[in-house]
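J.: What follows is a predicted protein model with its sequence.
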Amino acid sequence: MADTIKNKIDEAGLLTLDVSTLVVQGERKELDLLIFLDEGMIVKEALFRKKLQTFGWAQFKNCFVAITCSKDVIVPPWAYLLIQVNLRNIAKEVFFCNLQTMDMLLFQKALIKLDMNNYKNKRVFLKVCSGNTIPLVFLSLCVSILTPHVKSLFYGEPCSSVPLIKN
């Protein structure tokens, strides 16, 4: 009789979600619309449009772009939208926020694309490898989105984990 090694983790119906696989790959760039403002403070439509026409948009090719304004000035919504229009067919995607918020939104979009039926009433482990730095907000999103679906949620791997919830 041959001894077979049993994988108790597989038999227990545990699922591991490697959080790092949800981090969207691609170059990220920030565009401060301050460079298009007259004297760094005022939006003059004609001058604004002229600056947009002469700007080097190619630097944002296939990038995720976060449009910000580093100065506390009043900027009409159309100014942001004109920048977005200029980035269409160039950037992968455009956001009106800082880089950190853009990363969070990209992660959230990837997370909500997961088929929650795969996690329904399962014991799920949020795997975060020691070499990966995963922002806390990413883990918080995982907890928020997975909690209504899973039987149990753990931080770590089956061999070393911390229970977060048990439904």
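T.: Cool, the structure landed. Numbers count the residues shown, from 1 in each chain.
J.: make it CA atoms for all contacts and neighbour counts henceforth
T.: Will do.
J.: Give me the helix or strand of this structure that scores worst on average pLDDT.
T.: Across the helices and strands of the chain, mean pLDDT, DSSP states H and E gives its lowest value to helix 8-11, namely a mean of 63.
J.: what's the helix or strand just after it packed up against?
T.: Where DSSP states H and E defines the elements, the next helix or strand beyond helix 8-11 is strand 14-18. With contacts defined as 3 or more Cα pairs under 8 Å, 6 or more residues apart in numbering; DSSP states H and E, strand 14-18 has these neighbours: strand 123-127.
J.: chain center to the next helix or strand after the strand it packs on, what's the gap?
T.: Using DSSP H and E, the helix or strand that follows strand 123-127 in sequence is helix 136-146. Per Cα atoms, centre = their mean, to the nearest Å, the displacement of helix 136-146 from the mean C-alpha position of its chain is 11 Å.
J.: what does stretch 30-45 give?
T.: How far stretch 30-45 lies from its chain's middle: 27 Å, per Cα atoms, centre = their mean.
J.: Quick one: residues in contact with that stretch.
T.: In this structure, residues lying in contact with stretch 30-45 by Cα atoms under 8 Å, 6 or more residues apart in numbering are 47-48, 51-52, 65-71, 73-76, 79-80, 98-99.
J.: now do stretch 47-61
T.: Residues outside stretch 47-61 that contact it (Cα under 8 Å, 6+ apart) are 29, 36-38, 79, 83, 86-87, 90-92.
J.: got the end-to-end distance for that stretch?
T.: Across stretch 47-61, the terminal residues are separated by 24 Å (Cα to Cα, to the nearest Å).
J.: can you pull the buried residues of it?
T.: Within stretch 47-61, the residues that qualify as buried are 48-49, 52, 60, counting by 16 or more other Cα atoms under 10 Å.
J.: coming back round to it: which of the contacts of stretch 30-45 are buried? Put it as a PyMOL command.
T.: Selection of buried members from the contacts of stretch 30-45 for PyMOL, criterion 16+ other Cα under 10 Å:
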select buried, resi 48+52+65+66+67+68+69+79+80+98+99
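J.: Now do the lengthiest helix in the chain against helix 136-146, angle only.
T.: When the chain is parsed with DSSP state H, its longest helix is helix 99-112. Angle, helix 99-112 to helix 136-146, by axes from the mean of the first three to the mean of the last three Cα atoms, to 10 degrees: 30 degrees.
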